[in-house]
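**Student:** structure here, sequence nowhere to be found:
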């Protein structure tokens, strides 16, 4: 079976040149092959495309309809090929990026204007949620996740380290005292993160591997770090969260770090996660490289922090 797209191209060329022979010369095909393509089209559609005479060719009504459709299809095909080729030369198209809520608000969204300035042909769709998204099923090009990455078919790139901190407002510490041992936490108001693993909001884990676990309680628990941070700033209690959630408040003194007798649990790093494939789309590579540049060796949320 002859290729239908090639047959369309042959048909359009025959119309443009006015003869099978001229079309064959233009396309480096024999007159016999040109005839086979036209015959295949006519047989498939059950319609005659040309009125043939010894002196010239002219289109039938069916031929005029088919010419109009063929020209549109071939033009669309050229546009698609040019778009794909251009994407391999310069980042372009819609980039669907998903990231955790608190992190994205402070350390992704503010970076996007400069990214758009550098790559004006890329449109970013930013999705914020803390649940584990299915990158392939939900159609995301790139997700940012703070977790230890299990082996999978997905590709990952480590972007930055993440560290946790226990902290509270100066007013709370002045009122309730500053704990120095993890055992004292049960006597304090501890604001729990409901999505934390394991133990949820009722147990805080310490030690590099989280093997030291202490029971905690407090007047508030939430599934969002920003809500807990605001409660802590208002003096409601202690929080145990990644530094990026509270970095600005630690810098300006609204929150103070608390040093305990057990090391804090080792937080998983920030990873970029994207789909497998022979070649990564330029728009995805551009965003990953840009974030790596912005975060650097010492990410902004770790800079200018008080000792604690």
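**Tutor:** It's in. These numbers were taken from a predicted model, which means no experiment stands behind them.

**Student:** list the contacts for residue 272?
**Tutor:** By CB atoms under 8 Å, 6 or more residues apart in numbering, the contact list for residue 272 reads 142-144, 156-157, 159, 287-288, 291. C-betas here are computed from N, CA, C, even on glycine.

**Student:** now do the SS call for the nearest residue to it once chain neighbours are set aside.
**Tutor:** Closest residue to residue 272 in three dimensions, ignoring its sequence neighbours and counting by CB to CB, 6 or more residues apart in numbering: residue 157, at 4.4 Å. Following DSSP: H, G, I helix; E, B strand; the rest coil, we place residue 157 in the strand state.

**Student:** now residue 157: how far from residue 33?
**Tutor:** Going from residue 157 to residue 33 by CB to CB, to the nearest Å gives 50 Å.

**Student:** which residues does the residue nearest to residue 154 when sequence neighbours are not counted bridge with?
**Tutor:** Distances taken as CB to CB, 6+ apart place residue 273 nearest to residue 154, at 5.4 Å, with adjacent residues excluded. Counting by DSSP bridges, residue 273 is bridged to residue 143, residue 156.

**Student:** max-length helix in the protein?
**Tutor:** helix 61-89 (DSSP state H).

**Student:** against residue 162, how distant is residue 112?
**Tutor:** 21 Å.

**Student:** correct me, but residue 90 touches residue 118?
**Tutor:** No. Between residue 90 and residue 118 there is no contact under CB atoms under 8 Å: 11.1 Å.

**Student:** wasn't residue 165 part of a strand?
**Tutor:** Yes. Assigned with three-state DSSP, residue 165 falls within a strand.

**Student:** number of nearby residues for it?
**Tutor:** 22 (other CB atoms under 10 Å).

**Student:** quick check: mean pLDDT of stretch 59-79?
**Tutor:** Stretch 59-79 shows a mean pLDDT of 88.

**Student:** in that stretch, what's buried?
**Tutor:** Within stretch 59-79, the residues that count as buried by 16 or more other CB atoms under 10 Å are 59, 63, 66-67, 70.

**Student:** need the pLDDT of residue 198.
**Tutor:** Taking residue 198 on its own, its pLDDT is 59.

**Student:** so which residues of the stretch 201-308 of the chain form helices?
**Tutor:** 225-233, 243-252, 282-295 (DSSP state H, counting those that start in this stretch).

**Student:** who wins for proximity to residue 95 among the ones you listed?
**Tutor:** Nearest to residue 95 among the helices of the stretch 201-308 of the chain is helix 282-295 (4.6 Å), distances taken as CB to CB.

**Student:** one step back: just send the helices of the stretch 201-308 of the chain back as CSV, with distance to residue 55 too.
**Tutor:** Compiled in CSV, the helices of the stretch 201-308 of the chain are given as follows (distance: least, CB to CB, whole Å):
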stretch, distance to residue 55
helix 225-233, 81
helix 243-252, 80
helix 282-295, 53
